[in-house]
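Engineer: Need coordinates for the below:
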Amino acid sequence: MVEIDVIEQKPLTMVELKSKFDSIKKDNKELNFRATKVDAYLSDFVSLDLEKIKDLYQKLDGLGLRLRDRHIVKILDTMPSDVETLKVLFSGEALSLKQEELKKIVDMISN
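Structural biologist: Below you'll find the predicted structure:
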């Protein structure tokens with residue numbers, strides 16, 4: 001059996017995934033069942049453009065908080081509108097942020 005070596009693991013936002021998926025769709029004329037479902041899901045739930053997401057990613061990364069890539073991706077995928085929703089996102093994580101830090105994140109996402 002062929003063994004696959006994972007070179008890098010990097011979380012992707014749904015917008016980045018849609019962009020990569022669109023380029024794959026151009027190469028492959030016909031999609032399989034699972035790929036069709038992924039395409040339908042991304043079409044329904046992705047509303048922002050790639051440049052806006054990259055800009056927000058850089059801003060969140062530049063805040064100097066203890067956010068890892070996966071945390072930032074989770075924030076960008078859900079775009080929480082208030083602090084309580086943001087707290088729910090991190091409820092299962094070993095991450096503790098102060099109320100002011102949470103407020104900074106929500107304010108940045110809202111603008």
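Engineer: Do a quick rundown of the helices in the protein.
Structural biologist: Under the criterion DSSP state H, the chain carries helices at the ranges 14-27, 33-45, 50-61, 69-78, 83-89, 99-110.
Engineer: buried sites along the second one?
Structural biologist: I take that to be helix 33-45. 39, 42 (16 or more other C-beta atoms under 10 Å). C-betas here are computed from N, CA, C, even on glycine.
Engineer: what angle sits between that helix and helix 69-78?
Structural biologist: Helix 33-45 and helix 69-78 are oriented at 70 degrees to each other (axes from the mean of the first three to the mean of the last three C-alpha atoms, to 10 degrees).
Engineer: Need phi/psi at Lys98.
Structural biologist: phi -70, psi 160 (degrees, to the nearest 10).
Engineer: Next, find the distance separating it from Thr85.
Structural biologist: Between Lys98 and Thr85 the computed distance is 17 Å (C-beta to C-beta, to the nearest Å).
Engineer: Taking the centroid of this protein, which residue is nearest it?
Structural biologist: Residue closest to the mean C-alpha point of the chain, counted by C-alpha atoms, centre = their mean, is Thr13 at 2.7 Å.
Engineer: Please verify my assumption that Leu76 contacts Lys52.
Structural biologist: No. The criterion here is C-beta atoms under 8 Å, and Leu76 misses it with Lys52 at 9.6 Å.
Engineer: Looking at those two, which has the bigger crowd around it?
Structural biologist: Leu76 (21 against 12; other C-beta atoms under 10 Å).
Engineer: Can you give me every residue that contacts the more buried one?
Structural biologist: When contacts are counted by C-beta atoms under 8 Å, 6 or more residues apart in numbering, Leu76 touches 13, 15, 53, 56-57, 60.
Engineer: Ser81 too?
Structural biologist: 106, 109-110.
Engineer: Please tell me how far stretch 62-81 is from the chain's geometric centre.
Structural biologist: 8 Å (C-alpha atoms, centre = their mean, to the nearest Å).
Engineer: pLDDT of that stretch, averaged?
Structural biologist: For stretch 62-81, the mean per-residue pLDDT is 92.
Engineer: follow-up on the earlier one: could you export the contacts of Leu76 as a markdown table, including distance to Val46?
Structural biologist: Listed next are the contacts of Leu76 as a markdown table, based on distance: C-beta to C-beta, whole Å:
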| residue | distance to Val46 |
| --- | --- |
| Thr13 | 9 |
| Val15 | 6 |
| Ile53 | 9 |
| Leu56 | 14 |
| Tyr57 | 15 |
| Leu60 | 18 |
